[in-house]
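A.B. asks: coordinates only, no sequence provided:
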């Protein structure tokens, strides 16, 4: 007997954190979240799949929150000793990377390599939130007006969103402006 099998990957968007940031205590799973004031707070999370050194966060953490990936056990021990409360899962914003109306926005700096109708190729620095190294890649643009006044070789700051059709420039300006 023969069978023809076609596997389709699950392409849902997910909030990922480095697996070493996740502390499993037996009763709950937490991460140490950086506070605006410079301190840290333990936050309970509900996790999903884990692969490639990254763990999916289903609830308890918002896109853009920074988590501790080194020394988190020491921070957790200190928090336990001082009686610091753990932020419950339901007190965090939605753990998605952005809903249909508001996708997550990422930023980087780079150099324009080429400009084409509807796209721009940039040699850009790392994008830590996406775990991207420095690279050269093409981004779609929202409109030709975004690229007005920019030329090949210009150093730029830009923001972009990740969409099903690939990354799209949301804003782009010459660096230093």
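C.D. replies: Thanks, I have the structure now. The shown structure was predicted, so the numbers you read here are calculated from the model rather than taken from an experiment.

A.B. asks: tell me the neighbouring strands of the longest strand seen in the chain, and mark each as parallel or antiparallel.
C.D. replies: Selection of the longest strand in the chain by residue count, based on DSSP state E, yields strand 105-116. Paired strands of strand 105-116, with direction, are strand 119-124 (antiparallel), strand 155-163 (antiparallel) (DSSP bridges).

A.B. asks: for the residue nearest in space to the middle of the chain, which three-state class applies?
C.D. replies: Central residue of the chain (C-alpha atoms, centre = their mean): residue 129, 3.6 Å from the mean position. Following DSSP: H, G, I helix; E, B strand; the rest coil, residue 129 is assigned to helix.

A.B. asks: tell me the contacts of it?
C.D. replies: 64, 104, 106 (C-beta atoms under 8 Å, 6 or more residues apart in numbering). Just so you know, the C-beta spots here come from the backbone N, C-alpha and C atoms, and that holds for glycine as well.

A.B. asks: let's have the residues you listed in TSV, adding neighbour count and pLDDT.
C.D. replies: TSV is the format used below for the contacts of residue 129 (neighbours: other C-beta atoms under 10 Å; pLDDT from 0 to 100):
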residue	neighbour count	pLDDT
64	13	82
104	18	78
106	20	84
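
A.B. asks: export those residues to CSV and append columns for distance to residue 28.
C.D. replies: Formatted as CSV, the contacts of residue 129 follow (distance: C-beta to C-beta, whole Å):
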residue, distance to residue 28
64, 23
104, 26
106, 30
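
A.B. asks: low-confidence stretches in the protein?
C.D. replies: 10-12, 71-87, 89-103, 176-177 (pLDDT under 70).

A.B. asks: would you mind finding the most buried of the strands paired with strand 105-116?
C.D. replies: Highest mean neighbour count of those: strand 119-124, a mean of 20 (counted as mean count of other C-beta atoms under 10 Å).

A.B. asks: in the next helix or strand after that strand, what's buried?
C.D. replies: Counting by DSSP states H and E, the next helix or strand C-terminal to strand 119-124 is strand 135-141. Using 16 or more other C-beta atoms under 10 Å as the test for burial, strand 135-141 gives 139, 141.

A.B. asks: hmm, who's touching strand 135-141?
C.D. replies: 113, 118-124, 147, 158, 160, 165-169, 172.
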